[in-house]
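A.B. asks: Here is my input, please return the structure:
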Amino acid sequence: MKITKDQLKGWGACRNGYEWFLRRFPDGEAEYQDVLNALADDDRPSDAEWLMNNAGPDREAVLEVEVIADCKHLFAAGHLVINRGATVHGVLRAGEGIEAGLGIKAGEGIEAGLGIKAGEGIEAGLGIKAGWGIEAGWGIKAGCGIKAGEGIKAGEGIEAGWGIKAGCGIKAGCGIKAGEGIEAGWGIKAGWGIDAGLGFGVFAGLLIRLAEWPKRAQVIANAKPENLVSGWWFDDQPVDTKTEAA
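C.D. replies: Purely as a prediction, here's the structure:
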């Protein structure tokens, strides 16, 4: 997939970004991934994000690496596969999905057009966002918000400085803690407690009919969450209850 100077003009690129492209690629065109690599190398994350927003994902591209270490930013036009782990000081973003055998850590944000999956933990200094689900073998932690178009699942805890929002369910082996509310289209299940933040609510079952709440919108934790606004809570929590929480 190519990026050309004519495309950049059509998308309304700023003068500074357009001139940068011509300096870097005098022929006036380059492979999408090569442009993203150059933007990362030159510490231009805002321009890389702008390009990805306008060009969209390269659905045929797969960038596979053994490990990502001591990297400022990394942008993948399509699917990103990391055989081991990833540590990025700035932004980590893929047009399609992100998959890592070990953990994923970014000093700023982590974003994927599809899902994010890690064998160990997922941690971002800012937000974590996925068009599909987010899944970690260990914990998931974000300095800002966590948002998934589908479910959020962690073997340990889930923590966000802002809100946690999932189109489907939320499930954590330990606790779930947010600074600005928790929302789930289906159920919410925590091995420990559920804390939405002072003055904020816990909303489960937002996409489930009321008649189906007892089965598909269960809220399960070691204690009833404060400010539980929606979802099905059992006063006597069933030990082996199965819930659509992820």
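
A.B. asks: Quick check: which element contains the one residue sitting closest to the centre of the chain?
C.D. replies: By CA atoms, centre = their mean, the chain has its centre lying nearest to Lys129, at 2.7 Å. Here Lys129, judged by DSSP states H and E, is contained in strand 128-130.

A.B. asks: what about that strand, average pLDDT?
C.D. replies: Averaging pLDDT along strand 128-130 yields 98.

A.B. asks: Same question for stretch 196-212.
C.D. replies: Averaged across stretch 196-212, the pLDDT comes to 97.

A.B. asks: Show me which residues of that stretch are buried.
C.D. replies: Within stretch 196-212, the residues that qualify as buried are 196-197, 200, 202-206, 208, counting by 16 or more other CB atoms under 10 Å. (C-beta placed from N, C-alpha, C; glycine too.)

A.B. asks: Tell me the bridge partners for the residue nearest to the centre of the chain.
C.D. replies: Beta-bridge pairing of Lys129 under DSSP bridges involves Glu111, Lys147.

A.B. asks: thought it was touching Glu111?
C.D. replies: Yes - distance between Lys129 and Glu111: 4.6 Å, which falls inside the contact criterion (CB atoms under 8 Å).

A.B. asks: immediately after the helix or strand bottoming out on mean pLDDT in the chain, which helix or strand?
C.D. replies: Between all helices and strands in the chain, the lowest mean by mean pLDDT, DSSP states H and E belongs to strand 68-71, at a mean of 92. Read in the C-terminal direction, the helix or strand following strand 68-71 is strand 74-76, with elements assigned using DSSP H and E.

A.B. asks: How about residues contacting the next helix or strand after that next one?
C.D. replies: Taking DSSP H and E as the definition, the helix or strand that follows strand 74-76 towards the C-terminus is strand 79-82. When contacts are defined by CB atoms under 8 Å, 6 or more residues apart in numbering, strand 79-82 is touched by residues 61-68, 74, 94-102, 104, 112, 114.

A.B. asks: which among these end up buried?
C.D. replies: In these, burial by neighbour count holds for 61, 63, 68, 74, 94-102, 104, 112, 114, counting by 16+ other CB under 10 Å.

A.B. asks: give the contact list for Glu111.
C.D. replies: With contacts defined as CB under 8 Å, 6+ apart, the neighbours of Glu111 are 91-94, 127-130.

A.B. asks: can you confirm Ala48 is in a helix?
C.D. replies: Yes - assessed by DSSP: H, G, I helix; E, B strand; the rest coil, Ala48 belongs to a helix.

A.B. asks: what's the burial count for it?
C.D. replies: 23 (other CB atoms under 10 Å).

A.B. asks: Might one say that it is in contact with His73?
C.D. replies: Yes - taking contact to mean CB under 8 Å, the distance of 6.9 Å between Ala48 and His73 places them in contact.

A.B. asks: Quickly list what's touching both of these two.
C.D. replies: The overlap between the contact sets of Ala48 and His73 (CB under 8 Å, 6+ apart) consists of 39-40, 91.

A.B. asks: Select from these every entry located in helices.
C.D. replies: Assignment to helices by DSSP state H places the following of the shared contacts of Ala48 and His73 there: 39-40.

A.B. asks: Distance to Ile122 and pLDDT added to the shared contacts of Ala48 and His73, as CSV?
C.D. replies: Below are the shared contacts of Ala48 and His73 laid out as CSV (distance: CB to CB, whole Å; pLDDT from 0 to 100):
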residue, distance to Ile122, pLDDT
Leu39, 24, 98
Ala40, 20, 98
Val91, 14, 98
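
A.B. asks: ok, the shared contacts of Ala48 and His73 vs Ala154, which is closest?
C.D. replies: Nearest to Ala154 among the shared contacts of Ala48 and His73: Val91, at 21.9 Å, using CB to CB.

A.B. asks: how about that closest one, what does it touch?
C.D. replies: Listed by CB under 8 Å, 6+ apart, the contact set of Val91 reads 45, 48-49, 73-75, 106, 108-111.
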